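Peer 1: sharing a sequence plus its predicted fold:
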Amino acid sequence: VESALRVMDEQNHFRFQTSVDVLNLSVRLRGLQIGFGYQAKADALLQYPKTLAQLAWAGNTQFVGNEINIAPSFQIQGYHEFSLSAGWKVRRIFQGGLRMKYLVGLANLSTANQDATIFTDANNYATTVSTDYVIQSSMIDMGSPEAFAVSISPQAFTQNTGYGIDAGAVIQLTKKLSIAISGVNILSNINWQDSVSQFTSRGTYTFNGLDAAEAITGGEIETESVLDSISSRLEFTETNDPYVTQVPTQIYASAHFQPINTFRLGALIFQEWYRGRQFPGMMLSANKDLGKIVTAGLTYSMRTRSFD
């Protein structure tokens, strides 16, 4: 664990997304192609500071006299996506496409305000926690402010709705070179209204001599009792107001070059925006036809803290 802590960034993240194509229908009318689609999607983003992991592993002794950030930020959501699309071609020079999307939210669990700090006084080891932190949910029962207990109540259709746009274009610059640009989930969000709740903690709370005093005086640290003491004093209030979450926006730009009929080169630049963070990436590729039925390819991709 200590080796993992040493290589952590100040802010770390875990990203997950999945999409299942359930239905895709299309019809071509001369130079126009019209389509309808339905997909089931889910995405999640967890962000956490290094200091939170350090505190969980070794307690607050290491931070005596310093104020540290301990607030994780997360969003987990699932939703239906229904779409109407149109694609068109202008000679062999230009191709364009537009997809209008209607979103139906299935469930969401996320944070809104994400401010929480902890300070341990060097004189008397009193620990002060300051919070401005909101956990919100839809179609997920979080229990009560006194006893968190998560349970999911999924429904096929809800009043949690939203809209989005996908758009893209391909331009053939020469016979051998083409470029493309596209945007996915432009201005996309979901308005959560069904079975909504928010738990809010906002204030400053002081605990006398937790953890640090025990460690310095040689006593035993009972982690469970420390956590119980903190959670019992953090005051959460519950409200039931609608809220809006973002669906991650992605932009792609690419170029394709075919110097000869059997050899192709490609380059792709990717950028995602999600909950105030940017996730860039790129890919380079080369493909060679080896006869009529075999193609060999080489791909190098790079994304945030990932190389393939």
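Peer 2: The structure has been received and is ready for your questions.

Peer 1: ok so Ala4 is a strand residue?
Peer 2: No: under DSSP: H, G, I helix; E, B strand; the rest coil, Ala4 falls outside any strand and is assigned helix.

Peer 1: in the sheet, who's paired with Asn12?
Peer 2: Tyr48 (DSSP bridges).

Peer 1: if I look at it, how far off is Gln54?
Peer 2: 12 Å (Cβ to Cβ, to the nearest Å). (C-beta placed from N, C-alpha, C; glycine too.)

Peer 1: over to Ser197?
Peer 2: From Ser197 to Gln54 the distance is 31 Å (Cβ to Cβ).

Peer 1: try Glu2
Peer 2: 10 Å.

Peer 1: more neighbours, these two?
Peer 2: Taking neighbours as other Cβ atoms under 10 Å, Glu2 and Gln54 compare with Gln54 leading, 19 against 8.

Peer 1: may I ask which helix or strand encompasses that one?
Peer 2: If you go by DSSP states H and E, Gln54 is part of helix 50-58.

Peer 1: buried residues in that helix?
Peer 2: 50-55 (16 or more other Cβ atoms under 10 Å).

Peer 1: include distance to Ile76 and pLDDT when you put these into JSON lines, please.
Peer 2: Output for the buried residues of helix 50-58, formatted as JSON lines (distance: Cβ to Cβ, whole Å; pLDDT from 0 to 100):
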{"residue": "Lys50", "distance to Ile76": "22", "pLDDT": "92"}
{"residue": "Thr51", "distance to Ile76": "23", "pLDDT": "90"}
{"residue": "Leu52", "distance to Ile76": "18", "pLDDT": "89"}
{"residue": "Ala53", "distance to Ile76": "20", "pLDDT": "89"}
{"residue": "Gln54", "distance to Ile76": "25", "pLDDT": "88"}
{"residue": "Leu55", "distance to Ile76": "23", "pLDDT": "85"}
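
Peer 1: what residue ranges in the chain score low on pLDDT?
Peer 2: Scanning the chain with the threshold set as pLDDT under 70 gives 144-154, 209-234, 304-308.

Peer 1: 80 instead, please
Peer 2: Within the chain, the segments meeting pLDDT under 80 span 1-2, 60, 142-156, 207-235, 303-308.

Peer 1: the helices in the stretch 201-308 of the chain, which residues?
Peer 2: 212-216, 223-233 (DSSP state H, counting those that start in this stretch).

Peer 1: relative to Ile251, how far out is the spatially most central residue of the chain?
Peer 2: In the chain, the C-alpha nearest the mean C-alpha coordinate belongs to Leu45, at 3.1 Å (Cα atoms, centre = their mean). Distance from Leu45 to Ile251, counting by Cβ to Cβ: 18 Å.

Peer 1: just to revisit the earlier point, format the buried residues of helix 50-58 as a markdown table; extra columns: distance to Leu187.
Peer 2: Listed next are these as a markdown table, based on distance: Cβ to Cβ, whole Å:
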| residue | distance to Leu187 |
| --- | --- |
| Lys50 | 33 |
| Thr51 | 35 |
| Leu52 | 33 |
| Ala53 | 35 |
| Gln54 | 38 |
| Leu55 | 38 |
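
Peer 1: hmm, which two among those residues are most spread apart?
Peer 2: Greatest spacing in the buried residues of helix 50-58, by Cβ to Cβ: Lys50 and Leu55 (9.7 Å).

Peer 1: who's in contact with the nearest residue to Leu55 once chain neighbours are set aside?
Peer 2: Nearest residue to Leu55, sequence neighbours excluded (Cβ to Cβ, 6 or more residues apart in numbering): Ile70, at 6.0 Å. By Cβ atoms under 8 Å, 6 or more residues apart in numbering, the contact set of Ile70 is 49, 51-52, 55, 116-118.

Peer 1: just the closest of those residues to Gly276, please.
Peer 2: Pro49 (14.1 Å).

Peer 1: okay, now that closest one: neighbour count?
Peer 2: 21.
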